[in-house]
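> I'll drop the sequence and a predicted model, then ask my questions.
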Amino acid sequence: MRSVEEHLEAILAGVAPLPPLSQPLLDALDLAAAEPITSPLALPRFDNSAMDGYAVRQRDVAGATADAPVTLPVVGEIGAGQAEGAPRRLEPGTATKIMTGARLPEGADAVVPYEWTDKGAQQVVVSQAPDVGQHLRYTGEDVAVGDVLVEAGDALGPRQLGLLASTGHSHVRVHPRPRVVILSTGSELRDPGSALGEDSIYDGNSYLLAGAARRLGALPSRVGLVPDDPARFLEVLRDQVGRADAIITSGGISMGDFDVVKEALSPLGSIWFGGVAMQPGKPQGFGALEGTGGRTVPFFALPGNPVSAYLSFEIFVRPALRTMMGLTPVSRQPVRARLTHGVTSPRGRRQFLRGRLTVDADGTRVTEVAPVGGSGSHLVGDLAASDALIVVPEADTVVEAGAQVTVIRLDQE
Ligand code: AMP
Ligand code: MG
């Protein structure tokens, strides 16, 4: 049997960041920049006013107070984006009306905000003096020409998109969203919304896995249910592999008589099938399929039980998809929490129990984790009620209430 680490290593060795593509800015949200991006512009682009008021030479109003105001003639007005036609130069002993963001006229070295004046149009009465440079924004004080705006590998959040747009970038080269084909196998499965036979069940896994894939930024597509028929399975696979960056199946890899994925793919030899020392999720399969144009398409064969499938996605597939997206860290960063109730675990297997977290009063720090339901890998009600995985190491068979345990938060990076 492989350890969890060995299997994850084998998977990560078999995936690589997808070739970069130029994307419109908004489509790049939450994707990783494929290269450093520099600024062709200084920000601010030009010296401008931080307030609505009057551009002045500070020494002309230096002595102004409420008791001894200074009066200046007002020559012109400059609005943001209206510098053309407006006075370019401020003559000594005059003021120019200026709005927030408007280009500062030459010679001005301070702005008197409206609040410190009578808001005069022909002439202005200034009753408080600004310091030199007050209420000004200087060229390049934020971003200089050539500054690196984002590094290769940086995830582009809203703030990064805003910065790239502000420096004139309309497109950005990123590692694109992997197209993930999701296949549910099992002759017992039916689509939600359709009628059930006597011994059929609804396919929950493809929604579980597609939801998880979409949440991390991939482009999942749920492909129809595949019965336990190896020829049919191979046909669907051949059909899908050309349009996928990764393929995930669930079911059909255990020791049963109708384990279609294993039966169909074992003869190819390019997919490893075996046991991983964990519970749930012991049976696993991973390898490469041949895509179009010599591409290799990573193939994940996950167990069919819903909890096992989801866990396998979290522990193995998610890091692989994040690697393909050029994002780090690839795995969620575990936290520690106090276990509210004792649990047992099989020796030699890493157990992932479902848990529900308690966070402290300000909602930031995890304090306690309570086990949710039993260890059964069919318990989807309990899975939905959980927001964490409690990790019990291979060597431990009993963990007492009150012990500190390792916890993976499912709804956070
Ligand atoms: P298998 O790995 O194919 O033997 O499936 C293990 C268990 O998971 C069986 O009880 C299946 O009925 C169930 N199962 C497999 N695929 C799904 C699915 N897509 N949705 C819900 N349950 C499933
Ligand atoms: Mg099955």
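Sure, I can see it. Ligands and ions are numbered 1, 2, ... in the order given.
> where does Leu163 land on pLDDT?
If you check Leu163, the pLDDT there is 98.
> what's the nearest residue to it if we skip its chain neighbours?
Leu149 (5.4 Å; Cβ to Cβ, 6 or more residues apart in numbering). Using the backbone N, CA and C atoms, a C-beta is placed for each residue, glycine as well.
> tell me which residues touch that neighbour, please.
Leu149 is in contact with Ile37, Thr38, Ser39, Val143, Gln160, Leu163, Leu164, Thr167, His169, counting by Cβ atoms under 8 Å, 6 or more residues apart in numbering.
> what sits against the third one?
The contact partners of Ser39, by Cβ under 8 Å, 6+ apart, come to Val143, Ala144, Val145, Gly146, Asp147, Leu149, Thr167.
> count of neighbours near the first one?
I take that to be Val143. 19 (other Cβ atoms under 10 Å).
> try Pro280
If we define neighbours as other Cβ under 10 Å, then Pro280 has 23 of them.
> so which helix or strand takes in whichever residue of the stretch 301-413 of the chain sits closest to ligand 2?
Residue nearest to ligand 2 within the stretch 301-413 of the chain (Cβ to the ion): Gly304, separated by 4.7 Å. Gly304 belongs to no helix or strand when elements are defined using DSSP states H and E.
> same question for Thr249.
In this structure, Thr249 sits in strand 246-250 according to DSSP H and E.
> check the offset of the helix or strand following that strand from the chain's centre.
Next in sequence after strand 246-250, counting helices and strands by DSSP H and E, comes helix 260-265. A distance of 34 Å separates the C-alpha centroid of helix 260-265 from that of its chain, computed with Cα atoms, centre = their mean, to the nearest Å.
> near ligand 2, which residues of the stretch 51-200 of the chain?
Gly186 (Cβ under 5 Å from the ion).
> if you set the cut-off to 6 Å instead, what comes out?
Thr185, Gly186 (Cβ under 6 Å from the ion).
> isn't Pro35 right up against Arg173?
Slight slip there: residue 35 is Glu, not Pro. Yes: counting by Cβ atoms under 8 Å, Arg173 is a contact partner of Glu35 at 5.7 Å.
> overlap in contacts of the two?
Counting by Cβ under 8 Å, 6+ apart, the residues touching both Glu35 and Arg173 are Pro20.
> comparing those two, which residue is more hemmed in?
The neighbour count for Glu35 versus Arg173, taken as other Cβ under 10 Å, is higher for Arg173 (17 against 13).
> distance check, that one against ligand 2.
Distance of Arg173 to ligand 2, given as Cβ to the ion, to the nearest Å: 42 Å.
> got the contact list for the host helix or strand of that residue?
Using DSSP H and E, Arg173 sits within strand 171-174. Under the criterion Cβ under 8 Å, 6+ apart, residues 20-25, 28, 31-35, 37, 156, 164, 326 lie in contact with strand 171-174.
> quick revisit: export the strand holding Thr249 as PDB, just CAs?
In PDB, the C-alpha atoms belonging to strand 246-250 read as follows (Å, rounded to 0.1, in the frame of the first residue of the first chain):
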ATOM      1  CA  ALA A 246      -8.100  16.300 -16.500                       C
ATOM      2  CA  ILE A 247     -10.500  13.500 -16.100                       C
ATOM      3  CA  ILE A 248     -12.100  12.400 -12.900                       C
ATOM      4  CA  THR A 249     -14.200   9.200 -12.500                       C
ATOM      5  CA  SER A 250     -15.900   7.900  -9.400                       C
END
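> how about the helices in the stretch 301-413 of the chain?
Counting by DSSP state H, counting those that start in this stretch, the stretch 301-413 of the chain has helices at residues 306-312, 318-324, 380-385.
> quick check, the first one touching ligand 2?
No: counting by Cβ under 6 Å from the ion, ligand 2 has no neighbours in helix 306-312; the shortest distance is 11.1 Å.
> Pro283 and Val407: what is the separation?
Distance of Pro283 to Val407, computed by Cβ to Cβ, to the nearest Å: 25 Å.
> and Ile37, by the same measure?
For Ile37 relative to Val407 (Cβ to Cβ), the value is 36 Å.
> for Arg190, same thing?
Taking Cβ to Cβ as the measure, Arg190 falls 35 Å from Val407.
> sketch out the low-pLDDT regions of this structure for me.
413 (pLDDT under 70).
> how many other residues sit next to the closest residue in space to the residue of the stretch 301-413 of the chain closest to ligand 2 that isn't next to it in sequence?
Nearest residue to Gly304, sequence neighbours excluded (Cβ to Cβ, 6+ apart): Gly251, at 3.1 Å. Using other Cβ under 10 Å, Gly251 has 29 neighbouring residues.
> ok, Gly251 touching Ser187?
No: the pair Gly251 and Ser187 does not pass the contact test of Cβ under 8 Å, sitting 9.9 Å apart.
> pull the CA atoms of stretch 372-388 into PDB?
C-alpha atoms of stretch 372-388 as PDB (Å, rounded to 0.1, in the frame of the first residue of the first chain):
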ATOM      1  CA  VAL A 372     -19.800  14.600  12.800                       C
ATOM      2  CA  GLY A 373     -21.500  11.200  12.300                       C
ATOM      3  CA  GLY A 374     -19.600   8.000  12.000                       C
ATOM      4  CA  SER A 375     -16.700   6.800   9.800                       C
ATOM      5  CA  GLY A 376     -19.000   5.300   7.100                       C
ATOM      6  CA  SER A 377     -18.100   6.500   3.700                       C
ATOM      7  CA  HIS A 378     -21.700   6.500   2.500                       C
ATOM      8  CA  LEU A 379     -22.800   9.200   5.000                       C
ATOM      9  CA  VAL A 380     -23.600  12.200   2.800                       C
ATOM     10  CA  GLY A 381     -25.900  13.800   5.300                       C
ATOM     11  CA  ASP A 382     -23.000  14.000   7.800                       C
ATOM     12  CA  LEU A 383     -20.700  15.100   5.100                       C
ATOM     13  CA  ALA A 384     -22.900  18.100   4.200                       C
ATOM     14  CA  ALA A 385     -23.100  19.000   7.900                       C
ATOM     15  CA  SER A 386     -19.400  19.100   8.300                       C
ATOM     16  CA  ASP A 387     -16.900  21.900   7.400                       C
ATOM     17  CA  ALA A 388     -13.700  20.200   8.300                       C
END
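> right, I'll leave it there.
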